[in-house]
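In: let me see the structure of the following:
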Amino acid sequence: MRILVTGIGGPAGAALGRQLRSLGHWVGGTDLRALDAPAADAFQRVLRADDPGYPEQLAELAGRWGADAVVPSVSEELVPLARVAAAFPVPLLLGDEAAVRIADDKYATAERLRAHGVSVPGFLLPSQAGSAAEAVERLGGSVVMKPRISRGGRGVRVIDAEHAARADAVEAWRTATDALVVQRFAPGPEFAPVVYSPVTSLGSSRCVVLRKLALREGRTGNAVGVTRVAPEGAEVGDLAVAATHALGLSGPVDVDVRLLADGTPAVLEVNARFGANSASAPELLREALVELAHLAGAR
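Out: Numbers count the residues shown, from 1 in each chain. Predicted structure coming up:
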């Protein structure tokens, strides 16, 4: 197949590009930045994902390269592409627009999951508490402040319970807006389950559970490394699949799960795409390729 992978210079896109080429597929890669050695057979710089002309540019490029399908890997482009997926000239490996919109917003995600009985840490918006100390008291421990809209591990701040009244925490809260979400800090090990939920009626959702060996920022951030933990990760995997179904997502889903103080797994956030660790779950990409071939052949 000829596959266009977006964000080929990022961890998720590069991981996909390398895997697809190793499987014998032609890969066209795009990125916002110029790249010296992208993991692709062809490369093109593109507009920002929030540029109104971005979907049209990607569609034109898919036609020029003769792509059979597009695999998005950039969080910021998921909602704009989901909006035009039905009219896109080739299949997009992406879920339904409404589901993708909810997954893109960490507060909306937590609300939906809680409503469906899926375990999440306690959460609130800055406007719902008068201070960091009040948030800590209401949520029952240290808290994490992070952007509501997906930005990977960027913009995340931990406010420990014993430091909530310090000047830096007070100032962080004073300047916070509801573009952030506040979540109880889960102190246990962190997992990165990779879920694939069929976009057609073929098969059922599958999950590979990965444990993060270390985090880039110490207690938060992207994983420095991962290891597979099946079958002992069954509870985490079941939770990730339940979250995927509660949100109504299909296609690849990258989930962050962490253990609460009592050992209960809880969903931190959900990304409606393959993440940086997809190479540790290669069977799920192969499943996606079967579906993409089916979708491309049906057009």
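
In: residue 265 is in contact with residue 256, correct?
Out: No: applying C-beta atoms under 8 Å as the test, residue 256 and residue 265 come out as separate, 10.8 Å apart. All C-beta spots, glycine's among them, are computed from the backbone N, C-alpha and C.

In: could you find the closest non-adjacent residue to residue 173?
Out: Nearest non-adjacent residue to residue 173, counting by C-beta to C-beta, 6 or more residues apart in numbering: residue 132, 4.3 Å away.

In: err, residue 100, not the other one
Out: residue 82 (4.2 Å).

In: thinking again about what came up before, the residue nearest to residue 173 reaches residue 143, doesn't it?
Out: Yes: using C-beta under 8 Å, residue 132 is in contact with residue 143, at 7.3 Å.

In: shared neighbours of those two, anything?
Out: Taking C-beta atoms under 8 Å, 6 or more residues apart in numbering as the contact rule, residue 132 and residue 143 both touch 159, 164.

In: if we can go back for a sec, which neighbours do residue 256 and residue 265 share?
Out: Contact criterion C-beta under 8 Å, 6+ apart; residues shared by residue 256 and residue 265: residue 191.

In: so what's the residue nearest to residue 100 up against?
Out: Going by C-beta under 8 Å, 6+ apart, residue 82 touches 92, 94-97, 100-101, 272.

In: list the buried residues in the helix or strand hosting it.
Out: Remark: residue 82 resides in helix 78-84, with elements defined by DSSP states H and E. Counting neighbours by 16 or more other C-beta atoms under 10 Å, one finds that the buried residues in helix 78-84 are 78-82.

In: go through those and name the one nearest residue 38.
Out: residue 81 (19.8 Å; C-beta to C-beta).

In: isn't the closest one up against residue 56?
Out: No: assessed by C-beta under 8 Å, residue 81 is found out of contact with residue 56, at 11.3 Å.

In: low-confidence ranges in the stretch 51-200 of the chain?
Out: Low-confidence segments of the stretch 51-200 of the chain (pLDDT under 70): 150-153.

In: ok, residue 123 touching residue 105?
Out: No: between residue 123 and residue 105 there is no contact under C-beta under 8 Å: 11.9 Å.

In: when these two are compared, which one has more neighbours?
Out: Between residue 123 and residue 105, counted using other C-beta atoms under 10 Å, the more crowded position is residue 123 (22 against 18).

In: who touches the more buried one in this structure?
Out: Residue 123 makes contact with 107, 110, 139, 181-184, according to C-beta under 8 Å, 6+ apart.

In: buried set for whatever helix or strand residue 107 lives in?
Out: If you go by DSSP H and E, residue 107 is part of helix 106-115. Within helix 106-115, the residues scored as buried using 16+ other C-beta under 10 Å are 106-107, 109-110, 112-113.

In: closest to residue 157 among these?
Out: The closest of the buried residues of helix 106-115 to residue 157 turns out to be residue 106 (C-beta to C-beta; 14.0 Å).

In: contacts only, for the closest one.
Out: With C-beta under 8 Å, 6+ apart, residue 106 has these contacts: 146-150, 181, 183, 269.

In: which one's the longest helix in this protein?
Out: helix 282-298 (DSSP state H).

In: so which residues make contact with that helix?
Out: 1, 3, 16, 19-20, 23, 25, 68-69, 71, 90-91, 93, 194-196, 198-200, 202-203, 206, 208, 251-252, 274, 278.

In: what about it, average pLDDT?
Out: For helix 282-298, mean pLDDT is 88.

In: in it, which residues are buried?
Out: 284-285, 287-289, 291-292, 295-296.

In: also stretch 18-36?
Out: In stretch 18-36, the ones that count as buried by 16+ other C-beta under 10 Å are 18-21, 25-32, 35.

In: quick one: mean pLDDT for it?
Out: Computed over stretch 18-36, the average pLDDT equals 94.

In: which residues touch residue 268?
Out: With contacts defined as C-beta under 8 Å, 6+ apart, the neighbours of residue 268 are 120-121, 183, 186, 190, 256-258.

In: try 10 Å this time
Out: By C-beta atoms under 10 Å, 6 or more residues apart in numbering, the residues touching residue 268 are 106, 109-110, 120-121, 123, 144, 146, 183, 185-186, 190-191, 220, 255-258.

In: fine by me, thanks again.
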